[in-house]
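[1] Take this sequence and fold it.
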Amino acid sequence: MQAALEDSVVRQFIGGGPVTLIAAGKAAEGMLRGLLATSIGPIERGVAVGPDPGTLVPPPIAFHTGGHPLPDRGSLAAGHEALRCAAEMSPSGCLVVLLSGGASALLTVPLEGVTLAEKVGATRMLLAAGVPIHELNCVRKHLSAIKGGGLARAAAGRVLTLAISDVVWPVEDDPAVIGSGPTVVDQTTFAEATAIVSRPEVRDLIPAGVLDILERGRDGHLPETLEQNGVSGTMYRVIGSRRQAMEGAMSAARGLGYEVTLLESPVVGVARVAGADHPRRVAAATRQLAGPVCVVSSGETTVTVSGRGRGGRNQELALAAASEMSRLGTAAVLASVGTDGVDGPTDAAGALVDSSTPARAEALALAPAATYLAENDAYTYFDRLGDLIRTGPTGTNVGDLQVVVTAGSE
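    Okay, the predicted model is just below:
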C-alpha cells in the first residue's frame, strides 16, 4: 500500500482534492489500515465492507459486515452506500477503491428486476455446480448495478483502484474479474451470461427472474454493460497477488535449508482432478534435484458438489492427492491452503497429506479416500486423521497455495 501511494504517478492522479474511500473484500480492513497509515490526506467520506465486523475503522468511514460467499443484507447496504458515496463525491475529488477477493459477494446491488434472494439463489446454484470464478462473475456482473464498471460510472470524479488479486485464470490478475470489476470496463455480454446459466446441469435450478433478466438482455431489451461504460478518469493498480504468496513460501523454505522450485502455471480446474495430478507434476519438477526439496505452487480450483459431506477445494485437492504421493518415491508432505484462511464452509484453511496418509487412514478403519471424495466429505477424513490446517481468517485473499516438501534422493 505504501509503495503504491508513494508512486508519483498515483499521487498526481489523486491530486489535492477531497478523497472518498470505498474498501471491499476479505482484506478490506487491513487495506484500509494500511491506507490510513500513509499521507494520503483527509478522507471526506467512505464505506468499507468485509466478512467480519470491523474493529479499527474510524469515522467518517462506515463499516458493514457482509455475506460471503453469498451476499446478504449487509452486502446490499454496503453496495447502495458505495454508489451514493461515488455519486455524491466532489467532482474535483478522487474516489479511492480498495478491492480484494470476496468483494463480488460483499458489495452487491442487484439490477432492477432482480431480488437479492434471486441473486443469492443463482450464486448458490452456480457455486454448487463448480462453475469457474470468471464465469460466475460474468453472470453476477449482468445481474448487478455496481459490478462491471457500475461503481466507476456512478462516480462524479476520478477513480483510483488498488487491488489485491485472487484471480489466477484465464487471465491472471484480470481487473475485470477481481471483485467482478466494479471500476473497469466490462467486455462480457448478456449472451455469454445466458449461455452459462443455460447449461443442462444448472438451468432448471436458476431462479426464473434471473433467467428472464439475462434472456431479455441477450435479446437486446437491456443495454449491455460494455455499451454503458463511458468510464473515464480511472487508474488501476494490482498491489498484491499469488506471486507474493509464492515468493514468501519460497523464501521461508530456503531459510530452512530446502532446495526450492516453483510450478509456474496455476493449479486450476476440478479440485479432485488437479489433486490427483499434482504429485506427478511435482515428481517431474524434482526429478533432477537431490536433497530436501520444496515445491511451491498456487491457483484456485473448483468443486462440483454432489455429496452431502463437508469440505472445501483445498481439502478435496489434498484428499485426491493422497493415493498418488507414492509417485514421489520418497517421504513427502503436501499442504494445500486457502490464503484467506477459509476453505469452503468449514473452519479449516485446508489440509495436508503425506506418504503415510493411506496407511494411517486404514489403521483408523476409515473408508477409502474415494468414498469421502464421492460424498464431498474431505473434512471428516482429515479431521479424523488430525490433518486439517486451521489458521482462522487471515484478512487477505490471493487464492490458494500448495507446498510440497520431500526428503529428496540420497
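[2] Would you mind confirming that V49 is in contact with A27?
    No - applying Cβ atoms under 8 Å as the test, V49 and A27 come out as separate, 11.6 Å apart. Placement of C-beta: from N, CA and C, glycine included.
[3] The two - which one has more neighbours?
    For V49 versus A27, neighbours defined as other Cβ atoms under 10 Å are more numerous around V49 (31 against 28).
[4] which SS class is that one?
    For V49, the assignment made with DSSP: H, G, I helix; E, B strand; the rest coil gives strand.
[5] Please give me every residue in contact with it.
    23-24, 28, 63-66, 74-75, 78, 82, 103, 106-107 (Cβ atoms under 8 Å, 6 or more residues apart in numbering).
[6] what's T20 in contact with, if anything?
    By Cβ under 8 Å, 6+ apart, the residues touching T20 are 43-46, 85-86, 89-90, 93-96, 157.
[7] about what we covered before: could you save the contacts of V49 as JSON lines and add columns showing pLDDT, distance to P393 and neighbour count?
    Formatted as JSON lines, the contacts of V49 follow (pLDDT from 0 to 100; distance: Cβ to Cβ, whole Å; neighbours: other Cβ atoms under 10 Å):
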{"residue": "A23", "pLDDT": "96", "distance to P393": "16", "neighbour count": "32"}
{"residue": "A24", "pLDDT": "97", "distance to P393": "16", "neighbour count": "32"}
{"residue": "A28", "pLDDT": "94", "distance to P393": "12", "neighbour count": "32"}
{"residue": "F63", "pLDDT": "94", "distance to P393": "16", "neighbour count": "22"}
{"residue": "H64", "pLDDT": "95", "distance to P393": "17", "neighbour count": "24"}
{"residue": "T65", "pLDDT": "95", "distance to P393": "12", "neighbour count": "18"}
{"residue": "G66", "pLDDT": "96", "distance to P393": "14", "neighbour count": "28"}
{"residue": "G74", "pLDDT": "96", "distance to P393": "16", "neighbour count": "19"}
{"residue": "S75", "pLDDT": "97", "distance to P393": "17", "neighbour count": "28"}
{"residue": "A78", "pLDDT": "97", "distance to P393": "18", "neighbour count": "30"}
{"residue": "A82", "pLDDT": "97", "distance to P393": "22", "neighbour count": "30"}
{"residue": "A103", "pLDDT": "94", "distance to P393": "15", "neighbour count": "35"}
{"residue": "L106", "pLDDT": "96", "distance to P393": "13", "neighbour count": "30"}
{"residue": "L107", "pLDDT": "96", "distance to P393": "18", "neighbour count": "35"}
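[8] and which of the residues you listed is nearest R327?
    The closest of the contacts of V49 to R327 turns out to be A103 (Cβ to Cβ; 38.4 Å).
[9] Give me the buried stretch members for stretch 324-339, please.
    Across stretch 324-339, burial judged by 16 or more other Cβ atoms under 10 Å covers 324-325, 328, 330, 332-339.
[10] next one: stretch 166-179
    Here stretch 166-179 shows 166-169, 172-179 as buried, counting by 16+ other Cβ under 10 Å.
[11] what's the span of it, first residue to last?
    Taking Cα to Cα, to the nearest Å, stretch 166-179 runs 9 Å from one end to the other.
[12] hmm, back to that, out of the buried residues of stretch 324-339, the closest to E6 would be?
    Among the buried residues of stretch 324-339, and counting by Cβ to Cβ, the member closest to E6 is T339, at 25.2 Å.
[13] Name all residues that make contact with the closest one.
    Taking Cβ under 8 Å, 6+ apart as the criterion, T339 is in contact with 166, 242, 245, 394, 396-401.
[14] Of the contacts of T20, which belong to strands?
    Within these, residues falling in strands by DSSP state E are 43-46, 94-96.
[15] In CSV: these, plus pLDDT and neighbour count.
    Shown next, in CSV, are these (pLDDT from 0 to 100; neighbours: other Cβ atoms under 10 Å):
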residue, pLDDT, neighbour count
I43, 90, 18
E44, 92, 16
R45, 94, 21
G46, 94, 25
C94, 95, 25
L95, 96, 28
V96, 97, 22
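[16] From the residues you listed, pick the one nearest A152.
    Closest approach to A152 among those (Cβ to Cβ): L95, at 8.1 Å.
[17] List the beta-bridge partners for the closest one.
    T20, V159 (DSSP bridges).
[18] Do I have it right that it meets V159?
    Yes - under the criterion of Cβ under 8 Å, L95 makes contact with V159 at 4.7 Å.
[19] so what sits against both of these two?
    A86.
[20] Please go through the protein and pick out the longest strand.
    strand 293-302.
[21] Follow the chain on from it and name the next helix or strand.
    Using DSSP states H and E, the helix or strand that directly follows strand 293-302 along the chain is helix 313-322.
[22] so how far is that next one from its chain's centroid?
    A distance of 18 Å separates the centroid of the chain from that of helix 313-322, by Cα atoms, centre = their mean, to the nearest Å.
[23] export that helix as PDB, just CAs?
    Extracted in PDB, the C-alpha atoms of helix 313-322 (Å, rounded to 0.1, in the frame of the first residue of the first chain):
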ATOM      1  CA  ARG A 313     -11.500 -27.200  -2.700                       C
ATOM      2  CA  ASN A 314      -8.100 -27.400  -0.800                       C
ATOM      3  CA  GLN A 315      -9.300 -30.300   1.300                       C
ATOM      4  CA  GLU A 316     -10.600 -32.100  -1.800                       C
ATOM      5  CA  LEU A 317      -7.300 -31.400  -3.700                       C
ATOM      6  CA  ALA A 318      -5.300 -32.900  -0.800                       C
ATOM      7  CA  LEU A 319      -7.500 -35.900  -0.500                       C
ATOM      8  CA  ALA A 320      -7.300 -36.700  -4.200                       C
ATOM      9  CA  ALA A 321      -3.500 -36.500  -3.900                       C
ATOM     10  CA  ALA A 322      -3.300 -38.900  -1.000                       C
END
